[in-house]
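Q: Need coordinates for the following:
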Amino acid sequence: MIFEKLRLRFRTSWKNVVGETPEEITRSMREWREVLAGCSAEQLGYALDNWQGEFPPNCYQFRTLAKQMPRMRLNLKALARKTGEELRQAGEKQVAKMRGILRKGGADS
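A: Next up, the predicted model:
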């Protein structure tokens, strides 16, 4: 699926990354699969949505971007044990964290 989306987006220049012959494409697919093995579906989606290059990425560039996906996790079990005031404070911390991420993203753009 990643290959197809990148092929549609970059057309001819995608061939420079993966090759043109069935053997080259198979070898590229194998390499991409190995390099991206530790990435989650969410990270891969993030990389697809956020690649800003004029040219297609290689698998290492794609993995680097995927691994930069912001982590926003809520520990629901821990939240269930908290009181109302603790929940309010935890919520404020999450909002502050999100604002920091948004500021950082805006500064880099």
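Q: May I have whichever helix or strand Glu23 is part of exported as CSV, CA atoms only?
A: Counting by DSSP states H and E, the element that carries Glu23 is helix 22-35. C-alpha atoms of helix 22-35 as CSV (Å, rounded to 0.1, in the frame of the first residue of the first chain):
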residue,chain,number,x,y,z
PRO,A,22,10.2,-6.8,-11.5
GLU,A,23,13.5,-8.0,-9.8
GLU,A,24,14.4,-4.5,-8.8
ILE,A,25,10.9,-3.7,-7.5
THR,A,26,10.9,-7.0,-5.5
ARG,A,27,14.3,-6.3,-4.0
SER,A,28,13.1,-2.8,-3.1
MET,A,29,9.9,-4.0,-1.5
ARG,A,30,11.9,-6.5,0.6
GLU,A,31,14.3,-3.8,1.7
TRP,A,32,11.5,-1.4,2.6
ARG,A,33,9.7,-4.2,4.5
GLU,A,34,12.8,-5.0,6.5
VAL,A,35,13.6,-1.3,7.3
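Q: Beyond that helix, next helix or strand please.
A: helix 41-50.
Q: returning to what we had before: quick one: list the elements packing against the helix holding Glu23.
A: If you count contacts as 3 or more C-beta pairs under 8 Å, 6 or more residues apart in numbering; DSSP states H and E, helix 22-35 packs onto helix 2-10, helix 12-18, helix 59-67. Using the backbone N, CA and C atoms, a C-beta is placed for each residue, glycine as well.
Q: Ramachandran angles for Gly100?
A: phi -60, psi -40 (degrees, to the nearest 10).
Q: And for the helix holding Glu23, what's in contact with it?
A: Contacts to helix 22-35, defined as C-beta atoms under 8 Å, 6 or more residues apart in numbering, come from residues Ile2, Phe3, Val17, Val18, Gly19, Cys59, Tyr60, Phe62, Arg63.
Q: Among the residues you listed, the buried ones, what's the PyMOL command?
A: Buried residues among the contacts of helix 22-35 (16 or more other C-beta atoms under 10 Å), as a PyMOL selection:
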select buried, resi 2+17+18+59+62+63
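Q: and the contacts of helix 22-35 as a markdown table, adding distance to Leu87?
A: Formatted as a markdown table, the contacts of helix 22-35 follow (distance: C-beta to C-beta, whole Å):
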| residue | distance to Leu87 |
| --- | --- |
| Ile2 | 39 |
| Phe3 | 44 |
| Val17 | 48 |
| Val18 | 49 |
| Gly19 | 54 |
| Cys59 | 42 |
| Tyr60 | 42 |
| Phe62 | 38 |
| Arg63 | 37 |
